[in-house]
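Student: Got a predicted structure here, sequence first:
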Amino acid sequence: MKNNTLKLIALLFVLAVYCFAPACKQTAEKPNAKADTTAVANTTDTASATTNLAAAPNAAGHKLGYVNSLLLLNDMPQRKEADKKLESLAKGKENKFKNLMTDYEKKMRDLQEKAASLTPIEQEARAKELTDLEEKLQKMQMSGQDELQAEKDKLYAPILALADSVIKQIGKEGGYTFIFDAPSLLYADSLHTDLTPLVKQRLGIK
């Protein structure tokens, strides 16, 4: 029963690791990728104030601009480099888990084959070794995703900060009252300026 449980855990862990790395690339394609775009989108005091002003016809002479943060982040070379590191880390964790699982299964088979020839003390020692490996596999499976997410946050922090600083600088230089995030904007009149190309230019993105 325990052996089947550990095999299930192994399968879930491998699937989780495989799903994590592609997710790094897909984040820029998802409109709800809030974790990666918070810093870029946070150029206004409140989201509701931005939405209201964006809907108003240039109320009170406000100068408004917008940035497609998802497109911006997807094109940033720093982000692509971070994703490569995350994929490498995920692959390393996957291989480490597979190796430990292989060791566990080998020891399990060995115990089953030699159980009759082992003394009670030897059987107990082998059983404890397997139990310790089971616990180690379970902990590795539970902590793997948390460690990957923590590393992603660490790698993305300076990237988001860089984009945010450029957007704010453009806002001050251009006299913009608000610059809001518009990852899926379908229409904007001439009173709302798309600043995405300018931000990309400042960041050296071609």
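Tutor: Arrived safely.

Student: how close does R79 get to L72?
Tutor: Going from R79 to L72 by Cβ to Cβ, to the nearest Å gives 9 Å. In this view, the C-beta of every residue, glycine as well, is placed from N, C-alpha and C.

Student: Likewise for F97?
Tutor: From F97 to L72 the distance is 35 Å (Cβ to Cβ).

Student: K154 - how many residues pack around it?
Tutor: 10 (other Cβ atoms under 10 Å).

Student: looking only at pLDDT, what's the mean for whatever helix or strand it lives in?
Tutor: Applying DSSP states H and E as the criterion places K154 in helix 120-174. Taken as a whole, helix 120-174 has a mean pLDDT of 94.

Student: What's the first helix or strand after it?
Tutor: Immediately after helix 120-174, counting by DSSP H and E, sits strand 178-181.

Student: got the buried residues for that following strand?
Tutor: Applying a neighbour-count criterion of 16 or more other Cβ atoms under 10 Å, one finds 178-181 buried in strand 178-181.

Student: got the contact list for A188?
Tutor: Counting by Cβ atoms under 8 Å, 6 or more residues apart in numbering, A188 makes contact with 66, 182, 194.

Student: got the phi/psi numbers for it?
Tutor: Per-residue torsions, A188: phi -150, psi 130 (degrees, to the nearest 10).

Student: picking up where we left off before, show me which of F97 and L72 is the more surrounded one.
Tutor: When F97 and L72 are compared for neighbours, L72 comes out ahead with 25 against 21, by other Cβ under 10 Å.

Student: so the more buried one makes contact with P197?
Tutor: No. When contacts are counted by Cβ atoms under 8 Å, L72 is not listed as touching P197 (9.9 Å).

Student: what do the two both touch?
Tutor: In contact with both L72 and P197: no residue, using Cβ under 8 Å, 6+ apart.

Student: Tell me which residues of the helix or strand containing Q201 come out buried.
Tutor: Element membership for Q201 (DSSP H and E) is helix 196-202. Going by neighbour count (16+ other Cβ under 10 Å), the buried part of helix 196-202 is 196, 198-200, 202.
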